[in-house]
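>>> Quick one: sequence and predicted model below, then my questions.
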Amino acid sequence: MVRDTISEPRDGRPPVLDVRVVDAMEKVERHLFVPEDVREWAYRDSPLGIGWRQTISQPYIVALMTELAEPDPEDRVLEIGTGSGYQAAVLAEIVDHVYTIEIVEPLGLRAAAALDAAGYGNVTTRIGDGYAGWQEEAPFDAIIVTAAPDHVPQPLIDQLATGGRLVLPVGPVAGRQELQVLEKQADGSVERTRVIPVRFVPLTRNR
Ligand code: SAH
């Protein structure tokens, strides 16, 4: 008889085990989403610069946030902070449709072109301030925010479906940020789980 035990991560970080997430991470070609000057490091487990003082997240963090969103094939997911388009591509491998918003126009346009060239027909991109979410397409089964606000944006909670999950880093620009998951309950209340300390670029606002 074989009894399975899942080993404890040696570095204290939760392992990503969801088969759909691991498959998606294997499928998406990260080099297609990073600028040429950093392409030789595309398959390192580290963040990389993508211009305009922004970064493509570390693959481990992309995998972890995707897993925490608990994506299903029939889901519609919103991402705030398109950046390179990589996280959107990973989600698009798993779910029915991805909506993604980027505030820096040239980044959003480049990501849209990369997603298009890679054949991701189930991703819709938009330029704008993601703080307000995407009201016309709500509700969403999951929302992933890849830039850190200093508080949880209420519009994003409002745009979650019942049982939906909002995965986001929260905290001050230069200080301690925390990856959190907020799950909307049937009575409209929200249950929050704090996951690990993280470091993201700040969520900026149009003013
Ligand atoms: N998910 C991206 C990570 C990009 S880094 C990827 O896979 O590459 C975070 C991105 O959030 C940056 O491109 C930044 O410009 C964008 N961003 C910051 N504030 C934003 C806002 N209010 N609305 C939409 N995008 C925002």
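Sure, I can see it.

>>> what about the one helix or strand residue 165 maps to, distance to the chain center?
Using DSSP states H and E, residue 165 maps to strand 160-170. Strand 160-170 sits 11 Å away from the centroid of its parent chain (CA atoms, centre = their mean, to the nearest Å).

>>> Repeat that for stretch 78-92.
Stretch 78-92 sits 6 Å away from the centroid of its parent chain (CA atoms, centre = their mean).

>>> Endpoint to endpoint, it covers what distance?
Start to finish, the residues bounding stretch 78-92 are 11 Å apart (CA to CA, to the nearest Å).

>>> That stretch and the ligand, any residue contact?
Yes. Using CB under 6 Å from any ligand atom, stretch 78-92 reaches the ligand at 80, 81, 83, 84, 86, 87. Where you see a C-beta, it was placed from the backbone N, CA and C, and this is true even at glycine.

>>> got a list of contacts for the strand holding residue 165?
The contact list for strand 160-170 (CB atoms under 8 Å, 6 or more residues apart in numbering) reads 65, 68-70, 80, 139-152, 156-157, 177-186, 198-200.

>>> Quick one: classify the nearest residue to residue 150 once chain neighbours are set aside as helix, strand or coil.
Nearest residue to residue 150, sequence neighbours excluded (CB to CB, 6 or more residues apart in numbering): residue 172, at 5.6 Å. Classification of residue 172 using DSSP: H, G, I helix; E, B strand; the rest coil returns coil.

>>> Buried residues in the lengthiest helix in the chain, which are they?
Looking across the chain with DSSP state H, the single longest helix is helix 105-117. Neighbour counts over helix 105-117 (16 or more other CB atoms under 10 Å) mark 107, 108, 110, 111, 112, 114, 115 as buried.

>>> ok, residues contacting that helix?
32-33, 50-52, 54, 82-85, 88-89, 92, 100-102, 123, 125-127.

>>> Mind listing the strands the strand or helix carrying residue 179 pairs with, and their directions?
Per DSSP H and E: residue 179 is located in strand 177-184. Strand 177-184 sits in its sheet next to strand 160-170 (antiparallel), strand 190-198 (antiparallel), going by DSSP bridges.
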